[in-house]
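> With the sequence up front, the predicted model follows.
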Amino acid sequence: MAVSLAVIGYGCTLNRAGTPVIEVIKIAGPLMKSDIKEVSNMGSPNTYKEFIAGLRDGGTITWEGNYIPKDASILPIKGTDFDAGTSSSWTIVIAGSLGTWTMTCLVQDIAPAYPVDDRITYAGTLKVTGKPVLT
């Protein structure tokens, strides 16, 4: 039996404009999508629908972290990107030297949470504009 090549996510980083976002506990994405267009016609084989790929969407990236509201790595996410509606360069560096995602994103949402009996956290969603690249 082969030895698994799996690695844990510990050590992954989310970076905005080259600066690591601190205290990240979970990163997901990019969740890329493709528009699928129906092209069925009167002669489609065996009465089955036919489809072709349309435009692709770079998708979204979600993350969660410990919320340190005035930290220099977190302040520009809301203050510069979200409030101003500007896009920034983002990277996800995957643990174990497995690669780096590079993309341009807009901050779609950011949501702090203040539980009574646990740490203060926040979650955010980045909307990828253009093509995300894995190197």
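That came in fine, so what should we check first? Numbers count the residues shown, from 1 in each chain.
> Wait, residue 14 touches residue 21, no?
Yes. Look at residue 14 against residue 21 with C-beta atoms under 8 Å: they come within range, at 4.8 Å. All C-beta spots, glycine's among them, are computed from the backbone N, C-alpha and C.
> Could you list the paired strands of the helix or strand encompassing residue 101 along with their orientation?
Using DSSP states H and E, residue 101 sits in strand 99-113. For strand 99-113, the paired strands and their directions (DSSP bridges) are strand 88-94 (antiparallel), strand 121-134 (antiparallel).
> I'd like those laid out as TSV, including mean neighbour count and distance to residue 51.
Output for these, formatted as TSV (neighbours: other C-beta atoms under 10 Å; distance: least, C-beta to C-beta, whole Å):
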stretch	mean neighbour count	distance to residue 51
strand 88-94	19	31
strand 121-134	17	22
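> now the ones you listed as a markdown table including distance to residue 102 and mean pLDDT?
Shown next, in a markdown table, are the strands paired with strand 99-113 (distance: least, C-beta to C-beta, whole Å; pLDDT from 0 to 100):
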| stretch | distance to residue 102 | mean pLDDT |
| --- | --- | --- |
| strand 88-94 | 5 | 97 |
| strand 121-134 | 5 | 97 |
